[in-house]
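J.: Next comes the sequence, and after it the predicted model I'd like to discuss.
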Amino acid sequence: MAKRLIPSFNRILVEKIIPPSKTTSGILLPEKTSKLNSGKIVAVGPGARDKDGKFIPLNLKEGDTVLLPEYGGTEIKLGEKEYHLYRDDDILGTLHE
């Protein structure tokens, strides 16, 4: 069984960030708290070519925290972990603190 997946072309492998279910002081949070659909990039593909054959590299890198669309992506399970595979242009933005 594969332990690592390296995406092809302009695809990005993301591990979704699951919001905490309770605070550090132990207060349980309701499910309807404002959850942000975000994830951490685990692996990126090399890039893709446009219709003229010119190479277009990806502007995202491993370790970036990104904002994900509510729907889409391909769910992949490697070992016990679940990941999602998105195209570069599906990523809505990069999150910075």
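T.: That came through fine.

J.: okay, now residue 83: neighbour count?
T.: Neighbourhood size, residue 83 [other CB atoms under 10 Å]: 18. No exception for glycine: its C-beta is placed from N, CA and C like everyone else's.

J.: Actually, residue 85.
T.: Residue 85 has 19 neighbours, counted by other CB under 10 Å.

J.: what about it, which helix or strand?
T.: strand 81-87 (DSSP states H and E).

J.: Can you name every helix or strand that that strand contacts?
T.: Helices and strands touching strand 81-87, by 3 or more CB pairs under 8 Å, 6 or more residues apart in numbering; DSSP states H and E, are strand 11-16, strand 74-78.

J.: Just name the most buried of the ones you listed.
T.: Here the criterion is mean neighbour count by mean count of other CB atoms under 10 Å, and of those the winner is strand 11-16, at a mean of 21.

J.: what's around the closest residue to residue 22 other than its chain neighbours, how many residues?
T.: Leaving aside its chain neighbours, residue 22 sits nearest to residue 28 (4.8 Å; criterion: CB to CB, 6 or more residues apart in numbering). Residue 28 has 7 neighbouring residues, counting by other CB under 10 Å.

J.: same deal with residue 65?
T.: Close neighbours of residue 65, defined as other CB under 10 Å, add up to 15.

J.: what's near enough to touch it?
T.: Applying CB atoms under 8 Å, 6 or more residues apart in numbering, we find residue 65 in contact with 17, 38, 39, 40, 41, 94, 95, 96.

J.: quick one: contacts for the residue nearest to the second one when sequence neighbours are not counted?
T.: Nearest non-adjacent residue to residue 38, counting by CB to CB, 6+ apart: residue 17, 5.0 Å away. The contact partners of residue 17, by CB under 8 Å, 6+ apart, come to 36, 38, 39, 40, 65.
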